[in-house]
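> Sharing a sequence plus its predicted fold:
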Protein chains: 2
Amino acid sequence: MKKSIGSRTLVYPTPVFMVGTYDKAGKPNVMTAAWGGICCSKPPCVAVSLRKARYSYDNLVERKAFTVNIASENYVKEADYFGIASGRNKDKFAATGLSPVKSDLVDAPFIKEFPFALECKLLHTIEIGVHVQFIGEIVDIKADEDVLNANGVPDIDLVKPILFAPEMQAYYGVGNFLGKAFSIGKEI
Amino acid sequence: MKKSIGSRTLVYPTPVFMVGTYDKAGKPNVMTAAWGGICCSKPPCVAVSLRKARYSYDNLVERKAFTVNIASENYVKEADYFGIASGRNKDKFAATGLSPVKSDLVDAPFIKEFPFALECKLLHTIEIGVHVQFIGEIVDIKADEDVLNANGVPDIDLVKPILFAPEMQAYYGVGNFLGKAFSIGKEI
């Protein structure tokens, strides 16, 4: 028998997206967002939700572009900092010593030290409530060669991404391989 | 120097959402979706993207309700099966021996054996491309008492959710605790 625990924003896992943007003056900024995910295969799209009060919100509306950076777990402190501090009064790249790189395809910066980044053009803006959802078309992904597997894909065991557990307010790493998708279910 | 690896639907991690719906005849169905995530804090909302060809697509459009079920890793085969088989010609509950429970709040079933489920009312439908995104308001969460922590929240270490690695087509478990959110970043 299940128990009602109320209306909560709880799923496991949520991602830890570091959203890269430029402000009006061209200063690069990055903020952490856990409300998001892939939302379409063709065109390849990713969604990320921001509150209007966020400094990155105006950047994204004006530049119509953003990057989604995936950090390795050794950058968990930086990932957390990017969610706490505001680009309004801090230069988060200077504070962390991380390096913004201008995308050659979209008007947004990605983070040099993180294993891969999605370069996105804004396609749709959906007002939901306190969050506004931005849907971006993924025009390219830039990845470090040393995390690519034999198929040219960033390997999750090399990337070592961070997961977020909402309500528990905690970060976790990736655990054991459990099985191949579109395969192990065939045993049923 | 990063390398271009092309436009791909790749982020780590993506969730493994089991979407529960009823069809016209009232038959419960469930399908697996990795394209989704929380998208708003107030109202609490979750997004999930489906292709129109999916049997669940019509169910969701007609019933304007769905559940998002989070499986434990011991159900990884069932989770995979729910993404392979179609409710059009299979009774997936009968095939897996899992039990649909009618939600008392929304017109959709949740899965008894999984640790928790979000009960959602359809709020927005966004046509993106080959996928249509459904945004549901989370009206309640039903959870097993034995996965709740001292704060009454499903504990990620007890839930043992499944992660999906797109492009690698693989499932993973949750790994080590890395740090407290809104906390460890203050050291910077």
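That came through fine.
> Going by C-alpha atoms from here, please, whenever you check contacts or count neighbours.
Noted.
> Just the strands from chain A, written as ranges.
With DSSP state E as the criterion, chain A has strands at A:2-4, A:14-15, A:17-22, A:28-33, A:36-40, A:45-51, A:65-70, A:100-102, A:109-111, A:116-127, A:131-144, A:163-165, A:170-180.
> Which strands border the third one, and is each parallel or antiparallel?
The one in question is strand A:17-22. Next to strand A:17-22 in the sheet, as set by DSSP bridges, lie strand A:28-33 (antiparallel), strand A:65-70 (antiparallel).
> Just give me how far that strand sits from the chain centre.
Remark: strand A:17-22 is offset 7 Å from the chain centroid, using C-alpha atoms, centre = their mean, to the nearest Å.
> so for that strand, what's the average pLDDT?
For strand A:17-22, mean pLDDT rounds to 98.
> Let's see it as CSV, backbone CA atoms only.
The C-alpha trace of strand A:17-22 is given here as CSV (Å, rounded to 0.1, in the frame of the first residue of the first chain):
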residue,chain,number,x,y,z
PHE,A,17,23.2,20.9,-16.6
MET,A,18,25.6,23.8,-16.6
VAL,A,19,23.9,26.3,-18.9
GLY,A,20,26.4,28.6,-20.7
THR,A,21,25.3,32.1,-22.0
TYR,A,22,26.7,35.5,-22.8
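> still on that earlier bit, for B:Ala71, find the nearest of the strands of chain A.
B:Ala71 sits nearest to strand A:170-180 of all those, at 12.8 Å, using C-alpha to C-alpha.
> re earlier: give me whichever of the strands paired with strand A:17-22 is most buried.
strand A:65-70 (a mean of 29; mean count of other C-alpha atoms under 10 Å in any protein chain shown).
> what's next to that strand, contact-wise?
A:16-21, A:60, A:106-111, A:114-122, A:136, A:161, B:11-12 (C-alpha atoms under 8 Å, 6 or more residues apart in numbering or on different chains).
> How about stretch A:48-61?
Contacts of stretch A:48-61 (C-alpha under 8 Å, 6+ apart): A:21-24, A:29-31, A:33-37, A:66, A:86-88, A:130-135, B:39-40.
> what sits against A:Ile84?
A:Ile84 neighbours (C-alpha under 8 Å, 6+ apart): B:182, B:185-186.
> now A:Tyr171
Per C-alpha under 8 Å, 6+ apart, neighbours of A:Tyr171: A:76, A:162-165, B:177-181.
> With A:Ser4 instead?
Going by C-alpha under 8 Å, 6+ apart, the list of residues near A:Ser4 reads B:140-143.
> Just among the residues you listed, which is most surrounded?
Neighbour tally across those (other C-alpha atoms under 10 Å in any protein chain shown): the maximum, 26 neighbours, falls on B:Ala143.
> right, and that residue touches B:Glu113 too?
No. The criterion here is C-alpha atoms under 8 Å, and B:Ala143 misses it with B:Glu113 at 10.2 Å.
> that older thread, now, among the contacts of A:Ile84, which is nearest to chain A?
Nearest to chain A among those: B:Gly185, at 3.9 Å, using C-alpha to the nearest C-alpha.
> tally of neighbours for the closest one?
Neighbours around B:Gly185, by other C-alpha under 10 Å: 20.
> go on, A:Ala150?
A:Ala150: 7 neighbours (other C-alpha under 10 Å).
> how near is it to chain B?
11 Å (C-alpha to the nearest C-alpha, to the nearest Å).
> residues contacting that residue?
If a contact means C-alpha under 8 Å, 6+ apart, then A:Ala150 has no contacts.
> Which pLDDT value does the model give it?
95.
> Over to A:Met1?
pLDDT, A:Met1: 81.
> ok, the residue lying closest to it once chain neighbours are set aside to B:Ala95 distance?
Of all residues not flanking A:Met1 in the chain, B:Asp144 sits nearest, at 6.9 Å (C-alpha to C-alpha, 6 or more residues apart in numbering or on different chains). Using C-alpha to C-alpha, to the nearest Å, B:Asp144 is found at 23 Å from B:Ala95.
> Those two: which is more packed in?
B:Asp144 (19 against 12).
> Run through the bridge partners of the more buried one.
The partner residues for B:Asp144, given DSSP bridges, come to A:Lys2.
> That one against B:Ile111, yeah?
No. Assessed by C-alpha under 8 Å, B:Asp144 is found out of contact with B:Ile111, at 11.1 Å.
> residue nearest the centroid of chain A?
Taking C-alpha atoms, centre = their mean, the centroid of chain A lies closest to A:Phe17, which sits 1.8 Å from it.
> Which residues are in contact with that one?
A:Phe17 sits next to A:32-34, A:36, A:68-70 when contact means C-alpha under 8 Å, 6+ apart.
> Swap in 10 Å and give it another go.
By C-alpha atoms under 10 Å, 6 or more residues apart in numbering or on different chains, the contact set of A:Phe17 is A:30-37, A:48, A:67-71, A:79, A:83, A:117, A:162-164, B:11-13.
> Quick check: closest non-adjacent residue to A:Ile111.
Per C-alpha to C-alpha, 6+ apart, closest to A:Ile111 is A:Pro100, 5.0 Å.
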